[in-house]
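Enquirer: only the shape, not the letters, is given here:
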């Protein structure tokens, strides 16, 4: 039996994504708040998924090697290696681009964005631009904590 994964408390400012986090605005990455770190947590990995896009695990954001912080700031630039507003590495999302890509539902529909945050016991040796399967493989055996939250966006 594997070791117990401790809970992280993950939240957003609101249950609805603001327009600036979507295709109708500047499409900036959202601010995430994270609490409940253990002393052993060395880095964070973040997945954002939109289950309303084709494929049940359509990934819209991959972020890792982020230091444990109470606030993951919004507006992280769509670059592989980021130094500001926080140091981090980003992967290639399922749109084929680097960084965050916000929801863009058809008119009259609502899309959901699921944010999964993992507390890891190490920094990952994974190059910028890696995809979700490589990130999952690199995280294997290093997950200490997990938390998630959901936001909606309607057009």
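Expert: Yep, it's here. Please read these numbers as outputs of a predicted model, since none were measured by experiment.
Enquirer: where does this structure have low pLDDT?
Expert: 1-3 (pLDDT under 70).
Enquirer: where along this structure do the helices fall?
Expert: 132-139 (DSSP state H).
Enquirer: show me where it has its strands.
Expert: 6-7, 9-11, 32-35, 43-49, 59-66, 71-72, 81-82, 88-90, 110-120, 143-154 (DSSP state E).
Enquirer: run through who's touching the fourth one.
Expert: Identification of contacts with strand 43-49 by C-beta atoms under 8 Å, 6 or more residues apart in numbering yields 32, 34, 57-69, 72, 100, 113-120, 122-124, 132, 135, 139. Quick note: C-beta positions are derived from backbone N, CA and C, even for glycine.
Enquirer: what is the orientation angle of it with strand 110-120?
Expert: Strand 43-49 and strand 110-120 are oriented at 160 degrees to each other (axes from the mean of the first three to the mean of the last three C-alpha atoms, to 10 degrees).
Enquirer: which residue comes closest to residue 91 once chain neighbours are left out?
Expert: Nearest residue to residue 91, sequence neighbours excluded (C-beta to C-beta, 6 or more residues apart in numbering): residue 62, at 3.3 Å.
Enquirer: still on that earlier bit, can you say which of the contacts of strand 43-49 are buried?
Expert: Buried residues within the contacts of strand 43-49, counting neighbours by 16 or more other C-beta atoms under 10 Å: 32, 34, 58-66, 68, 72, 100, 113, 115-120, 124, 132, 135, 139.
Enquirer: before we move on, the earlier item: am I right that the residue nearest to residue 91 is in contact with residue 88?
Expert: No. If you go by C-beta atoms under 8 Å, residue 62 and residue 88 don't touch, sitting 10.2 Å apart.
Enquirer: and the closest residue in space to residue 99 that isn't next to it in sequence, how many neighbours?
Expert: Spatial nearest neighbour of residue 99, chain neighbours left out: residue 78 (3.1 Å); criterion: C-beta to C-beta, 6+ apart. Using other C-beta atoms under 10 Å, residue 78 has 16 other residues around it.
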